[in-house]
Structure formats: structure tokens, C-alpha cells
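Novice: turn this into a model:
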Amino acid sequence: MAGKFVIEKAKDGQYYFNLKASNGQVILTSEMYKAKSGAQNGIESIQKNAEDDGNYERKEAKNGKPYFVLKAKNKQVIGQSQMYSSVSSMEAGIESVKNNGPGGTVEDLS
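Specialist: Prediction:
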């Protein structure tokens, strides 16, 4: 079962989405968008860019925890992961986005 993108509206009126794995766990969160169409375009960008390992930037937070961002071909960030307890967990998160992103369905809760 593929993952799904869930579009939501923040308290300030902006839109964002989460990519959830088939078990319901959030594996990627988008930037904030002023319009729902921006969130929809972000989802399309993830579907196109998720499979290419070169689009992932592996990072380390100030507290030492690893995380990653997914970038489009134009190098713009389209999503960020949670903080992980280890590099191997982060790599598993990247694999999950690669597997769930391209075929993910969209659920609009906004």
C-alpha cells in the first residue's frame, strides 16, 4: 500500500501537507504555502523528485540529530523530515519517501 499526502490548513490560513507512510507515520512535511494550489504543486514536485537520491540533502540539527530535506531540480526545498535518532534511521526515512512519494494519493483535509 502506497503512502498518502494529507493537505491541511494552518491556523494562520496557510496550507501545508504531510507525506504519510502506509502505517500512518509522517515521513515528510512541506513548507507553508499561501494558496492550496501551492501545496498541490509541492505534492506534484515530490511525486516527480522523490526517487532521485541526488535530490536529498542529509543534514544534522544543532542538537546532533540527523534529518533530511528533499529538493526539487531547481534546488528549492519541497519537504523536510523529522529529526531521527540515528543516521541509519534517517536513511530508512529517505527510502520510505522514495517508496511512498511517487504513487502517493492525496487527501484534502483543508
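
Novice: just the pLDDT at the residue lying closest to residue 100 once chain neighbours are set aside, thanks.
Specialist: Nearest residue to residue 100 in three dimensions, chain neighbours excluded: residue 3, at 2.9 Å (CB to CB, 6 or more residues apart in numbering). C-beta coordinates here come from the backbone N, C-alpha and C atoms, glycine included. As predicted, residue 3 sits at a pLDDT of 89.

Novice: tell me who's in contact with residue 3.
Specialist: Each residue near residue 3 by CB atoms under 8 Å, 6 or more residues apart in numbering is listed here: 19, 20, 21, 22, 27, 96, 99, 100, 101, 103, 104.

Novice: what backbone torsions are found at the residue most central in space within the chain?
Specialist: For the chain, residue 28 is the residue whose C-alpha lies nearest the centre (CA atoms, centre = their mean; 2.8 Å). Backbone dihedrals for residue 28, given as degrees, to the nearest 10, come out at phi -160, psi 140.

Novice: how about residue 64?
Specialist: Per degrees, to the nearest 10, the backbone of residue 64 is at phi 90, psi 0.

Novice: residue 10 versus that one, what's the distance?
Specialist: 29 Å (CB to CB, to the nearest Å).

Novice: okay, these two: which has more neighbours?
Specialist: The neighbour comparison of residue 64 against residue 10 (other CB atoms under 10 Å) goes to residue 10, with 11 against 7.
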